[in-house]
Each structure stands twice: as C-alpha cells, then as structure tokens.
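Visitor: no sequence for this one, just the structure:
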C-alpha cells in the first residue's frame, strides 16, 4: 500500500474528525472532510474540505465519489444517500444500515431487545401520564433523534414535570439506580476481527448531563469487566460493525450490566487511548476501515480525562484561563479542539492526566479542573 494514493472521506469536521485526520496524516493518507463550517477543526487539517451540510445529497455524493473509503464522526447525516452509494459499490464504514438503526435511539432500543442485549425497560411515548403509570416515577425521557451531549434527555420526577417535557417524538426509560456508568471501546475490522480497549468509567456533570471525567481503567473487578467486554463484543457482532464503536453501559446495584447506548464511531470516552494505550482509538478506526491489521489495545498507564467545557454564561472568542498552570502539573496533556466560539458546556478540549497510580491521577485531575477554564475574554464576549 502507498497511503498517499489512498483517500479517506470523513463526514464531519469537528474534534473527532480532527483527531481522526491527525492519525490518518501520520500514515500519509489523503483525507477529504465534509463540514458546513469553513475552516472547521477537522477541515483545517484535511487535504481538502468540502463545504456542505450533512444532509446535502450532492455534497455527500461528491465526497464519497472522490474517496476510496468514507466514514463519519457524527450520526446525524443523510443515511438514505449513503445507502444508495454503498449499494453502488462505494466503501462506507460503518454501514449506513447500522447508522440508520443507531441514530434513532428508539430503533436502537428495539434492536437490543430483539437480540437479547440487556437494557433498561422502555416504551415509546404517546401519553406522558400513561408512560409514568407503566414505568413509574422518576423516568427518563429521551428524544428519538438528534440528542447529544446532554441534549434530548429529560428526567421526569413526577407529573409536575410534564409541562417542561421534551417536544417531538420521544421514548421513556425506567430510571436505573446504578453504581457506575461504564463504556467499552470496541473495534472490528472488515474481516470481522475484534479488539476491545480497557473499560472506562464515566462521571457526568449532573447539571448539564454531559460527560465530565473519564477514568481508565474502570475501578471494577474482573468478573464485571468480563461481562462488560463480552456485552460490547456481542453488540458489535450483532450489528456487524466496522470501525470503532463505543458501548455505554450501566453497572447496577446488583452488579448487572445494562447497555445504555451505542455510538457507531470514535467517542469522547476513548480519548484516553491517545496517551495511555498502545494504539489510539483514532488510529484503530483508520486501521479498521482501511483494511490494515488492528493495533494492540493494552493500557500502558492509568489515566483520567477531564473535558474542558465552556463555562456557564460564557459566549465569545475562546480564552483558556489556567492553561500554563495546568501544564505545570506532571503528566498533564492538553488537547484544544480549535473551535472559534466558546459556549456554555460546549466541548472545547480535553486534558489527559497519566500516572502509574490512578488515585494520584484523579487528584491531579481535580487540580486541572480547578485551574483550567474555557471562557470568553471580556472584550470578545458575544451578546445573545
């Protein structure tokens, strides 16, 4: 193979696209990104950026026909045209068929039930009061499509919350008392070979319902770890996925594993792999979709990832307060995504803290969170 003669198309030019492109360029692949924002984080690193919406059929056709293989960093794209292009013989991984299942979370739930993948009890919502009677209070309301980073999720504690419920097509999930939220990054190549990364535990910001901290490896025993790994492999085999998928799970109070959601792409929970594993999730995805043997996934050192989120009430040109102070802490690696505007709770970057002692890594992560802030400089603030 001469990678320089092989073109990879990526739908999406955000931070995940940026990190995928960085790995692809390290191996000298040509990369074309499709994104509606000129000079997007990924587009600025690609050999070419096509400016277009993720539902722009003509732009998607242009991208796919220019490339030897096409992938994506976002679910909310036109799967119909991708399916037509795949049928014509173009290589698109993961398959648009999988994306169609995953991007509607209610269809994703149906897939789990049909394939005996343990998940929380759920039902589509036609009447909130009736759903409350059947699932009990509290329950979780989720939008079928379009939700991400805490959006499209609403906790309904009682009938008094109905007036603030999500609008549009949604479903309800029984509220789960859980010990931990876990995630497994699992890779499958075009020949069906599978490798899993170490299991991580995710800590969420309760106010924004967005992942705040990732701890790798998860602090669980080997029996639970085996359950989680086996469940992730089953999900990947059922879907016949190609690439890196993230399988998010709940560890219940009874030590059972319930699958929450599946993301058919590289994922925030896998950022630790850049510094802490033999192969990063991004290189692994490139390997999987390009027919290259999968890399080894062993952890080299414990790590904690802290998401750098836009501070509350901040909107404008980004400024990273405490940048130098954070880098004075041993083992800290900062990744800034290159987004032009900071907004409340927007993912602006992440910091990975590595240490041979996970508790020391957690302590350092706490220091990073205190000093490193994504804000807007006073003179650059944007009014709503």
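Guide: Yep, it's here. Because the structure is predicted, anything quoted here is derived from the model rather than measured. Numbering: from 1, shown residues only.
Visitor: Lowest-scoring secondary structure element of this structure by mean pLDDT?
Guide: The weakest-scoring helix or strand in the chain, judged by mean pLDDT, DSSP states H and E, is strand 373-381 (a mean of 78).
Visitor: report the longest helix in the protein, please.
Guide: helix 222-239 (DSSP state H).
Visitor: got the buried residues for that one?
Guide: Of the residues in helix 222-239, 224-225, 227-229, 231-236, 238-239 count as buried by neighbour count, 16 or more other CB atoms under 10 Å. Every residue, glycine included, has its C-beta placed from N, CA and C.
Visitor: Then stretch 67-81?
Guide: Quick answer for stretch 67-81 (16+ other CB under 10 Å): 67, 69, 70, 71, 72, 73, 74, 75, 77, 78, 79, 81.
Visitor: just checking, which of those residues belong to strands?
Guide: 69, 70, 71, 72 (DSSP state E).
Visitor: Surely residue 180 is in a strand?
Guide: Yes. When DSSP: H, G, I helix; E, B strand; the rest coil is applied, residue 180 is found to be in a strand.
Visitor: Give me the neighbour count for it.
Guide: For residue 180, the tally of surrounding residues (other CB atoms under 10 Å) stands at 18.
Visitor: any idea how far residue 109 is from it?
Guide: Using CB to CB, to the nearest Å, we find residue 180 at a distance of 21 Å from residue 109.
Visitor: cool, residue 163 as well?
Guide: 26 Å.
Visitor: So the two - more neighbours on which side?
Guide: residue 109 (23 against 7).
Visitor: did I read that right, that one in a strand?
Guide: No. Assessed with three-state DSSP, residue 109 is helix; it does not lie in a strand.
Visitor: Now do the contacts for the residue nearest to it when sequence neighbours are not counted.
Guide: Nearest residue to residue 109, sequence neighbours excluded (CB to CB, 6 or more residues apart in numbering): residue 122, at 5.3 Å. Residues in contact with residue 122, defined by CB atoms under 8 Å, 6 or more residues apart in numbering, are 106, 109, 135, 171, 172, 173, 174.
Visitor: again, only using 6 Å
Guide: When contacts are counted by CB atoms under 6 Å, 6 or more residues apart in numbering, residue 122 touches 109, 171, 173.
Visitor: The last one against residue 121, yeah?
Guide: No. The pair residue 173 and residue 121 fails to qualify as a contact (CB atoms under 6 Å) at a distance of 7.2 Å.
Visitor: So these two - more neighbours on which side?
Guide: Per other CB under 10 Å, whichever of residue 173 and residue 121 has more neighbours is residue 173, with 20 against 16.
Visitor: helix or strand for the more buried one, which one?
Guide: strand 170-174 (DSSP states H and E).
Visitor: Show the secondary-structure elements that that strand is packed against.
Guide: strand 122-124, helix 128-135, strand 139-143 (3 or more CB pairs under 6 Å, 6 or more residues apart in numbering; DSSP states H and E).
Visitor: Show me the domain layout of this structure.
Guide: 3-92, 121-174, 178-381 (automatic domain parsing).
Visitor: TSV please, covering the buried residues of helix 222-239 and showing distance to residue 101 and pLDDT.
Guide: Putting those into TSV (distance: CB to CB, whole Å; pLDDT from 0 to 100) gives the following:
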residue	distance to residue 101	pLDDT
224	27	96
225	27	96
227	23	96
228	21	97
229	22	97
231	17	97
232	16	97
233	18	98
234	15	98
235	11	97
236	13	97
238	10	97
239	7	97
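Visitor: Between all of these, which two are separated the most?
Guide: 224 and 239 (23.0 Å; CB to CB).
Visitor: Spatially central residue in this structure, please.
Guide: residue 267 (2.9 Å; CA atoms, centre = their mean).
Visitor: Look up how far residue 15 lies from that residue.
Guide: In terms of CB to CB, residue 267 sits 11 Å off from residue 15.
Visitor: go on, residue 164?
Guide: Taken as CB to CB, the span from residue 164 to residue 15 is 31 Å.
Visitor: Which one's more surrounded, these two?
Guide: residue 15 (24 against 8).
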